[in-house]
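Undergrad: Would you be able to build a 3D model of this:
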Amino acid sequence: MTGNPLTRAADVQRDALHTAVCSHENPDAHRLEREVAARPGAVGRARVPVRAAALVGVDLADDGVAAVGEAGGVGRADGDLARGAARGRPGGVGEFCSRQPGPGARQDRASGSALEHSLKAQVYIRGVNNFPDFIDVWSQYFRDIPCAVTLVPAKDYSSIESMLEINLIALRTGAIRRKQVVDVDIPALASYGPCVRAGELVFPSGLMALSRDGRVPAADDAAAFDAIGLTGQAQGALIHAYAEAVCKAVGVSIGNVVRAQYFLTDIRDFAGIATAWSDRYGKQPHPFATVQVPGPLPSNGAAVVGDFWIYAG
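TA: Numbers count the residues shown, from 1 in each chain. Predicted structure coming up:
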């Protein structure tokens with residue numbers, strides 16, 4: 001194949017991936033709601049309408065990129081994957097359209113896939129103090145189902161009682177493409193989970209700037225060199241090295257990254273991340289989206305979580 005991988009990624013045919021949105025209409029979501037709500041120790045746990053993922057079978061290869069709007073809304077975008085990945089706020093992936101089917105349509109589409117076909121989940125959770133309980137419940141469902149996952153702290157949702165939102169991508173039941181786990185040489189502590197590939201698309205789990213000894217680079221000096229963006233530059237450089245390791249594992253270059261999404265506790269640190277990219281890759285296009293999220297992150301001194309989509313066709 002020739003051409004820009006940003007464009008080629010939008011041309012995936014037949015078995016295309018599906019996107020899932022947060023909805024508590026699905027029976028599996030109700031089970032997850034009960035299990036999370038029963039766990040003590042978190043604010044508002046007793047009466048939280050947890051919005052778990054319902055597979056809805058929206059086709060990325062049809063007439064555009066699937067668009068997930070506010071929690072619970074699904075529509076289509078008219079752009080290619082590069083444009084569709086340009087938005088990055090919690091609750092939204094891609095460019096939004098005006099048509100948003102109701103709960104009945106979502107459930108009708110849910111028959112197109114199943115939990116075992118899950119590829120990648122982005123999870124927005126109210127505060128890192130709730131991460132351990134979520135991971136405990138998540139592992140009960142996904143212990144034997146490889147699924148890349150990125151956890152992001154958040155605080156505002158479409159309803160005041162919500163504390164959890166999951167955006168999920170999955171393969172259609174009966175797809176020719178098969179899911180496989182990619183072995184990547186990065187420290188286990190630097191990633192939230194496995195790296196998963198399905199055909200042309202590769203989904204690493206969320207990446208954090210943790211070295212093999214568990215330390216965050218330049219964490220001790222970051223405050224003293226805040227004016228030159230040391231935090232973003234040092235952590236961004238390590239995250240880019242890990243993203244490059246994923247690309248190497250699937251036989252492509254960093255130029256095949258079609259989305260680089262950064263969740264920052266301080267948006268000013270993105271200047272350092274952009275510098276780290278330029279230092280490492282020169283004029284190579286940087287298909288980024290960046291979002292400020294409430295801190296802290298799980299690791300002391302960590303300021304960014306990187307989330308990448310890679311085209312390996």
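Undergrad: Show the residue spans covered by the strands in the stretch 51-200 of the chain.
TA: Per DSSP state E, counting those that start in this stretch, the stretch 51-200 of the chain carries strands over the ranges 53-59, 66-68, 74-76, 118-126, 148-154, 164-170, 179-182, 195-198.
Undergrad: So Gly306: helix, strand or coil?
TA: For Gly306, the assignment made with DSSP: H, G, I helix; E, B strand; the rest coil gives strand.
Undergrad: so it sits right up against Ser205, yeah?
TA: No. Gly306 is not in contact with Ser205 according to C-beta atoms under 8 Å; the separation is 10.3 Å. Quick note: C-beta positions are derived from backbone N, CA and C, even for glycine.
Undergrad: Can you give me every residue that contacts Val216?
TA: By C-beta atoms under 8 Å, 6 or more residues apart in numbering, Val216 lies in contact with 209-210, 235, 299-302.
Undergrad: before we move on, the earlier item: for Gly295, which of the strands of the stretch 51-200 of the chain is the nearest?
TA: Evaluated with C-beta to C-beta, those place strand 148-154 nearest to Gly295, the distance being 7.2 Å.
Undergrad: Just the CA atoms of that closest one, as CSV, please.
TA: What follows is strand 148-154 as a C-alpha-only set of coordinates in CSV (Å, rounded to 0.1, in the frame of the first residue of the first chain):
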residue,chain,number,x,y,z
ALA,A,148,-6.1,-2.5,26.0
VAL,A,149,-7.2,0.1,28.5
THR,A,150,-6.5,3.7,29.5
LEU,A,151,-7.6,5.1,32.8
VAL,A,152,-8.2,8.8,33.0
PRO,A,153,-9.2,10.8,36.1
ALA,A,154,-12.2,13.1,35.5
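Undergrad: Report the rounded mean pLDDT for that strand.
TA: Averaging pLDDT along strand 148-154 yields 97.
Undergrad: Name the nearest residue to Gln284, ignoring sequence neighbours.
TA: For Gln284, ignoring the flanking residues on the chain, the nearest one in space by C-beta to C-beta, 6 or more residues apart in numbering is Gly255 at 5.7 Å.
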